[in-house]
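Any chance you could fold what I've pasted below:
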Amino acid sequence: MIVRNWMQNDPLTIPSDMLASEAKRVLIDNNLNSLLVVDNGQLRGLVTRHNMMRMGHYVTRTQNPDEVSFFINRLRVRDIMVRNPATVNADDTMEHCLDYGKKLRVAQFPVMENGVVVGIISATEIFQLAAHLCRSLEAGTLGKAPRRQTSVQASQ
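Residues are numbered from 1 along each chain as shown. Below you'll find the model as predicted:
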């Protein structure tokens, strides 16, 4: 199993000069867990829902009007993004992707091919893979060969 077969193709990307408050809105409106930050075709970073919510929580907790104003009107994605995030290649195995994620303790990777972002793989796709494997395992262990009906079962 390779990453290309499980990744989300053509992920939504944002520029690094976008306001953080706008990026938060994009995350929420599109029900995403992360956004890739791309400038001039180059991957620059990653913004996660968790980081955005934590930032917003911090700002509202301070209850300082200047902090709130700064967050809404001046803070840019480049100020809070994870710079140069770890990536995987589209032709990497899912096993490599899972091991790498566990090692780095990250839940999503931009997927690259020839230096260009072609997708993203996250916990959502990993759960889809796990469900697929569970169904395959059940089918393989529960139904090796269909049971033949006896004449009594067939007439009932």
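
in the longest helix along the chain, what's buried?
The longest helix of the chain (DSSP state H) is helix 123-142. For helix 123-142, a neighbour-count test (16 or more other CB atoms under 10 Å) marks 125-126, 129 as buried. (C-beta placed from N, C-alpha, C; glycine too.)

Could I get the average pLDDT for that helix?
The pLDDT scores in helix 123-142 average 74.

by contact count, what packs against that helix?
With contacts defined as 3 or more CB pairs under 8 Å, 6 or more residues apart in numbering; DSSP states H and E, helix 123-142 has these neighbours: helix 94-104.

What residues does the residue most central in space within the chain make contact with?
Nearest to the mean C-alpha position of the chain, by CA atoms, centre = their mean, lies residue 122 at 3.0 Å. Contacts for residue 122 (CB atoms under 8 Å, 6 or more residues apart in numbering) come out as 8, 33-34, 107-109.

Among these, name the buried ones.
34, 108-109.

Where does residue 43 fall, secondary structure wise?
strand 42-48 (DSSP states H and E).

Show me the shaky parts of the protein.
Residues of the chain meeting the criterion pLDDT under 70: 56-60, 62-64, 67-68, 70, 72, 141-156.

Which stretches in it count as strands?
8-9, 13-14, 34-39, 42-48, 82-83, 88-89, 108-113, 116-122 (DSSP state E).

In TSV: those, plus distance to residue 98.
Formatted as TSV, these follow (distance: least, CB to CB, whole Å):
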stretch	distance to residue 98
strand 8-9	16
strand 13-14	24
strand 34-39	17
strand 42-48	18
strand 82-83	20
strand 88-89	10
strand 108-113	10
strand 116-122	10
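
Among those, which comes closest to residue 99?
strand 88-89 (10.6 Å; CB to CB).

Run a quick neighbour tally on residue 100.
15 (other CB atoms under 10 Å).

again with residue 4
17.

which residues does it contact?
90-91, 111, 119.

So of the residues you listed, which two are at opposite extremes in space?
Pairwise over those, using CB to CB, the maximum falls at 91 and 119, 11.8 Å.

Need the overlap of contacts for these two.
In contact with both residue 91 and residue 119: 3-4, using CB under 8 Å, 6+ apart.
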